[in-house]
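Peer 1: No sequence on hand, only this structure:
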């Protein structure tokens, strides 16, 4: 359990965990807003550039639906980005048009190979390295993970990427987000990266629910 | 069928096409061999004349071909298909050329579903060639490749000249590059590959749909009757574009380990340059008929994997599509040639994979949802089928 606490934040759903999450969000969000306002004042622009060193923003690329154990969280770790520029700092990771879906935690993890994590149920997610000693995908360097908000991303060579690990909790029978946006600064310029994939977490224990969602996707 | 040698442009290193970054310096033309290169900002296409010992003084012209509906109407009426002149130049003594956009209206009036078919024509001194390139109109009215980043302009196209026979040369004017085709033979419907659905495991249902407005890049083949054997090569990016306008095509669901390539039908034509009537031809699709067709396939190597859960699934609207190097097989017509084909960019094939058991989704060139996954294989392990 000690190891688990060291690797993963307190489980969502507990008073302490949620309070910590809220406090973290408040502080990070406040800092992000303050930083954004400061940068906007300096640069004279109000909108960050959607095409930057993390890559070009995309939209409508498709999406992912997956089930979670009833009342539990799930982990979506199928997206990522590179960094063709110098060191950059992520100011915030946001879900767009999220309905009945709470972002419990967001991590960035360096990845150097073709393997990636994908989607997992439960929290902490099964299969991602943790107290059970599972090493997960060999190219994923979990020991170098950072909390996404505030993470400093170095220049990444070639195919190297940072995978975005989103821990999500549906608050109803279905939690939905239309896309994910990574806000970041690099070289004094603000950018945003729209990853463009919708997410649906099904929380009703019905294994056929996603088939219905995929026939009529939310985005 | 007359004996012809068929060459797709780019044959065996003759016609090399490379997409280049925005920072490329291009060579102005016409210029003498001694003139240093200079940068011309509005150059659309540049490159080198190859395949002839005398590459200088060749007229090279860029044409915007008619919009697809106009093209179809002209072909059905058996009328000439005349491209609009975008720019023209003469190759330098060393064979370098660069064509600026001197007639922007020629392009803007030829756009269909955001895409324009351009053709570089080069002819003279007993040689001839055409290079087709489909371009989408990106932000700021920039011309961008049909697929990939918008910054990859201008196009670099080295033009491999095809030698003409004496009779062809005699029949041709000194600089036969008028951007004009006449239909020699309508080949009718041929199947073109759209997208593949692949699985190496049971418990995955797969679906493909293809919507109105979907644009395909397709190959373009050239022939000349110089020589007497067929030659085919698909290692080039010579292309034109056709767009599906007939509504959404939903393919039947594929279950379990079934893997197939979805196809639709295009109209293929066999065309002759208006100014040359002695054996130089081109073949390319000019319209989409639509319809759903399956072709058998084996799963390609796909090793960039993410986990999928039982009861979950994904859809991808933009698979940054696979280039099928033999996407249109014309051998049935005796051409001995297969043209490449790939699906569209902005409104494109959509794939859906539903998992009823835990498994993985593996991209060929990248992980699913990332830039160039290029087709997905449902697999048992996170290593894919490496």
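Peer 2: Right, received. Where do you want to start? Keep in mind it's a predicted model, so treat the numbers as computed, not measured.

Peer 1: Residue A:51 and residue A:194: what is the separation?
Peer 2: To residue A:194, residue A:51 is 10 Å away according to Cβ to Cβ, to the nearest Å. C-beta: built from backbone N, CA, C; applies to glycine.

Peer 1: Ok, residue B:45 next?
Peer 2: Distance from residue B:45 to residue A:194, by Cβ to Cβ: 32 Å.

Peer 1: Look at the residue nearest in space to the middle of chain A and report its pLDDT.
Peer 2: In chain A, the C-alpha nearest the mean C-alpha coordinate belongs to residue A:166, at 3.5 Å (Cα atoms, centre = their mean). pLDDT, residue A:166: 95.

Peer 1: Now do it against residue B:377, distance only.
Peer 2: From residue A:166 across to residue B:377, the span is 25 Å (Cβ to Cβ).

Peer 1: before we move on, the earlier item: leaving out chain neighbours, which residue sits closest to the residue nearest to the centre of chain A?
Peer 2: residue A:76 (4.7 Å; Cβ to Cβ, 6 or more residues apart in numbering or on different chains).

Peer 1: Which element, helix or strand, includes the one you found?
Peer 2: strand A:74-81 (DSSP states H and E).

Peer 1: Run me through the strand neighbours of that strand, direction for each.
Peer 2: Paired strands of strand A:74-81, with direction, are strand A:118-121 (antiparallel), strand A:161-170 (antiparallel) (DSSP bridges).

Peer 1: returning to what we had before: give the contact list for the residue nearest to the centre of chain A.
Peer 2: Shown in contact with residue A:166 (Cβ atoms under 8 Å, 6 or more residues apart in numbering or on different chains): A:75, A:76, A:77, A:79, A:93, A:103, A:105, A:106, A:180, A:199.

Peer 1: The second one: neighbour count?
Peer 2: Per other Cβ atoms under 10 Å in any protein chain shown, the neighbour tally for residue A:76 reads 24.

Peer 1: wait, doesn't it sit right on residue A:170?
Peer 2: No - contact criterion Cβ atoms under 8 Å: residue A:76 and residue A:170 do not qualify, at 11.6 Å.

Peer 1: Which neighbours do the two have in common?
Peer 2: Joint contacts of residue A:76 and residue A:170 (Cβ under 8 Å, 6+ apart) are residue A:201.

Peer 1: quick revisit: any chance of the strands paired with strand A:74-81 in JSON lines, plus distance to residue B:52?
Peer 2: Listed next are these as JSON lines, based on distance: least, Cβ to Cβ, whole Å:
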{"stretch": "strand A:118-121", "distance to residue B:52": "54"}
{"stretch": "strand A:161-170", "distance to residue B:52": "46"}
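
Peer 1: Moving C-terminal from the worst-scoring helix or strand of chain B on mean pLDDT, which element do we reach first?
Peer 2: Ranked by mean pLDDT, DSSP states H and E, the weakest helix or strand in chain B is strand B:17-19, scoring a mean of 25. The element immediately downstream of strand B:17-19 (helix or strand, assigned by DSSP H and E) is strand B:43-50.

Peer 1: Name every strand pairing with whichever helix or strand comes after that next one and say which way it goes.
Peer 2: The C-terminal neighbour of strand B:43-50 among helices and strands, as given by DSSP H and E, is strand B:59-64. Strand B:59-64 pairs in its sheet with strand B:84-90 (antiparallel), strand B:115-124 (antiparallel), by DSSP bridges.

Peer 1: residues making contact with strand B:59-64?
Peer 2: B:29, B:44-45, B:49, B:83-91, B:97, B:99, B:106-107, B:109-110, B:116-124, B:159, B:175, B:177-179.

Peer 1: same check, this time on stretch A:86-98
Peer 2: Contacts for stretch A:86-98 (Cβ under 8 Å, 6+ apart): A:28-29, A:31-32, A:35-36, A:53-54, A:101, A:103, A:106, A:108, A:148-155, A:164, A:166, A:175-187, A:190-191, A:194, A:199.

Peer 1: now these: which count as buried?
Peer 2: The neighbour-count test (16 or more other Cβ atoms under 10 Å in any protein chain shown) marks A:28, A:32, A:35-36, A:53-54, A:101, A:103, A:106, A:108, A:148-149, A:151, A:153, A:164, A:166, A:175-186, A:190-191, A:194, A:199 as buried among the contacts of stretch A:86-98.

Peer 1: and residue B:51, what is it in contact with?
Peer 2: B:14, B:127, B:129, B:159, B:160, B:161, B:162, B:163.

Peer 1: What is the burial count for residue A:69?
Peer 2: 12.

Peer 1: which bits of chain A sit near chain B?
Peer 2: Counting by Cβ under 8 Å from any Cβ of the partner chain, chain A comes close to chain B at A:55-56, A:58, A:60-67, A:77-80, A:114-121, A:127, A:137, A:195-197, A:202, A:206-211, A:214-215, A:217.

Peer 1: Helices of the stretch 101-250 of chain B, start to end?
Peer 2: B:104-108, B:166-171 (DSSP state H, counting those that start in this stretch).

Peer 1: Residue B:73: what secondary structure?
Peer 2: helix (DSSP: H, G, I helix; E, B strand; the rest coil).

Peer 1: Could you tell me the least trusted of the helices of the stretch 101-250 of chain B?
Peer 2: Across these, helix B:166-171 gives the lowest mean pLDDT, at a mean of 71.

Peer 1: Residue B:180 - how many residues pack around it?
Peer 2: Neighbours of residue B:180 under the rule other Cβ under 10 Å: 17.

Peer 1: I'd like the distance between the closest residue to it other than its chain neighbours and residue B:132.
Peer 2: Taking Cβ to Cβ, 6+ apart, and ignoring the residues beside it in sequence, residue B:180 has residue B:274 as its nearest neighbour in space, at 3.7 Å. Separation of residue B:274 from residue B:132 (Cβ to Cβ) stands at 16 Å.

Peer 1: Compare neighbour counts for those two and give me the winner.
Peer 2: More crowded of residue B:274 and residue B:132, by other Cβ under 10 Å: residue B:132, with 24 against 15.

Peer 1: Touching, the more buried one and residue B:121? I think so.
Peer 2: No - look at residue B:132 against residue B:121 with Cβ under 8 Å: they stay out of range, at 10.0 Å.

Peer 1: now the helices: where do they sit in chain A?
Peer 2: A:2-7, A:15-43, A:209-215 (DSSP state H).
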